[in-house]
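1. quick one, fold the following:
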Amino acid sequence: FKTGIAFVVDSTASMGPYIDQMRAAIERIYTTIDEAGQQQKVAFGLVAFRDNVEAAPGLEYVSKVFADFSSGAVAEEFLPRAQAVEPTDVSSQSFNEDTYAGVLSALNDLDWEGFGGRFIIVITDAGPRDGSDPLSATGLNASGLRQLALDKGIAVLTLHLLTPEGKRNHTIAAERLSALSSHPGGVLYYGVEAGDAERLGTIIESVATTLTQQVKLISEGEVTEQALVESANRSSGDAQLDALQGGIARIGYAMQLAYLGRGEGSGIPTVFEAWVAD
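-> Below you'll find the model as predicted:
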């Protein structure tokens, strides 16, 4: 049982400190993976997104893959690629960015075959452009994109930076990002208060550690949902984080059942069918 974790990060002008925190957190995560003996069982991908390049040509790209899962299997290959992600110095058309273009690229341009655990982690300080927005590259809304992820057995988790500059955008952004990250196992959305960069690094590390621990437990033999939930429950004192970790554990359990079902040629478990149908 292997897990693929794709980071989809906003690389617009305001994201410099957060990209730095992401890189530092991932470097620490590789150390945790090595210490757990899971080097061959967890791989990272990295996609960056900006906004419509016709409206603002200096942005260079709407979305771009910086690392696929083959290069994200070892730190020595992944970290130099992550270093290449830099915030633009060009302003986009509005506060909203094309988050959905980044997620769609992660869904379609990364090879998810061979991974039983499949997670996308979105990091942004802005709201996504909805499908009705003329500057949207995808024409998709949150529910449509979420369904594409569900069809591939991929869970989307969002870390939303609630910066003071984006205060007027927070409500609609949180609604759309929560809809994108909604699953029967829980809503995998975390709002980082005040856009605290250090807090973001802590959350990234905590989430990735939970996913690594899941892989370790599952690889040692079939485990129960309760065991995965207990492994994720570290009593952080942060109710929002505890709920996020619990949701990850429940969804990880559904992914384990689906993985076992594929391996044994049995039908997909009811819990997973319900998740996809939802």
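2. buried sites along the strand or helix carrying residue 200?
-> Using DSSP states H and E, residue 200 maps to helix 197-219. Within helix 197-219, the residues scored as buried using 16 or more other C-beta atoms under 10 Å are 197, 199-219. (C-beta placed from N, C-alpha, C; glycine too.)
3. show me what it is packed up against.
-> strand 3-10, helix 16-35, strand 42-49, strand 117-124, strand 155-162, strand 189-193, helix 225-232, helix 239-264 (3 or more C-beta pairs under 8 Å, 6 or more residues apart in numbering; DSSP states H and E).
4. list the neighbouring strands of the third one plus their orientation.
-> With DSSP bridges as the test, strand 42-49 is paired with strand 3-10 (parallel), strand 63-67 (antiparallel).
5. deepest in the core, which of those is it.
-> Highest mean neighbour count of the strands paired with strand 42-49: strand 3-10, a mean of 26 (counted as mean count of other C-beta atoms under 10 Å).
6. could you pull up the mean pLDDT of that one?
-> Averaging the model's pLDDT scores along strand 3-10 yields 97.
7. number of nearby residues for residue 21?
-> Residues near residue 21, counting by other C-beta atoms under 10 Å, number 21.
8. where does the nearest residue to it once chain neighbours are set aside land on pLDDT?
-> Among residues not flanking residue 21 along the chain, residue 201 sits closest, at 3.9 Å (C-beta to C-beta, 6 or more residues apart in numbering). Model confidence at residue 201, given as pLDDT, is 95.
9. cool, residue 226 as well?
-> Reading off the model, residue 226 has pLDDT 83.
10. that one: neighbouring residues, count only.
-> For residue 226, using other C-beta under 10 Å, the count is 10.
11. ok, now the one 5 residues further on?
-> Here the count is done by other C-beta under 10 Å, and residue 231 has 17 residues near it.
12. that one contacts residue 209, doesn't it?
-> No - look at residue 231 against residue 209 with C-beta atoms under 8 Å: they stay out of range, at 10.0 Å.
13. which stretch in the helices and strands packed on helix 197-219 is the model least sure about?
-> Across the helices and strands packed on helix 197-219, helix 225-232 has the smallest mean pLDDT, namely a mean of 80.
14. which elements pack onto that one?
-> helix 197-219, helix 239-264.
15. present those as CSV; the columns should include distance to residue 102.
-> Below are the helices and strands packed on helix 225-232 laid out as CSV (distance: least, C-beta to C-beta, whole Å):
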stretch, distance to residue 102
helix 197-219, 16
helix 239-264, 20
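16. which one of those helices lies nearest to residue 116?
-> helix 239-264 (3.4 Å; C-beta to C-beta).
17. residue ranges of the helices in the stretch 51-200 of the chain, please?
-> All helices of the stretch 51-200 of the chain, identified by DSSP state H, counting those that start in this stretch, fall at 75-83, 99-109, 142-151, 170-180, 197-219.
18. tell me what angle the shortest one forms with helix 16-35.
-> In this structure, helix 75-83 runs at an angle of 170 degrees to helix 16-35, with axes from the mean of the first three to the mean of the last three C-alpha atoms, to 10 degrees as the basis.
19. which pLDDT value belongs to the closest residue to residue 173 other than its chain neighbours?
-> Closest residue in space to residue 173, ignoring its immediate chain neighbours: residue 127 at 3.1 Å, by C-beta to C-beta, 6+ apart. Note for residue 127: predicted pLDDT of 96.
20. ok, so what distance separates the nearest residue to residue 58 once chain neighbours are set aside from residue 19?
-> Among residues not flanking residue 58 along the chain, residue 90 sits closest, at 3.5 Å (C-beta to C-beta, 6+ apart). The gap separating residue 90 from residue 19 is 16 Å, by C-beta to C-beta, to the nearest Å.
21. more crowded one of these two?
-> Using other C-beta under 10 Å as the criterion, residue 90 and residue 19 rank with residue 19 on top: 20 against 15.
22. contact partners for the more buried one?
-> Shown in contact with residue 19 (C-beta atoms under 8 Å, 6 or more residues apart in numbering): 9, 11, 85, 86, 87.
23. please pick the buried ones from those.
-> Of the contacts of residue 19, these count as buried by 16+ other C-beta under 10 Å: 9, 11, 85, 87.
24. dump those to JSON lines, plus distance to residue 78.
-> As requested, the buried ones among the contacts of residue 19 are exported to JSON lines (distance: C-beta to C-beta, whole Å):
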{"residue": "9", "distance to residue 78": "13"}
{"residue": "11", "distance to residue 78": "16"}
{"residue": "85", "distance to residue 78": "11"}
{"residue": "87", "distance to residue 78": "19"}
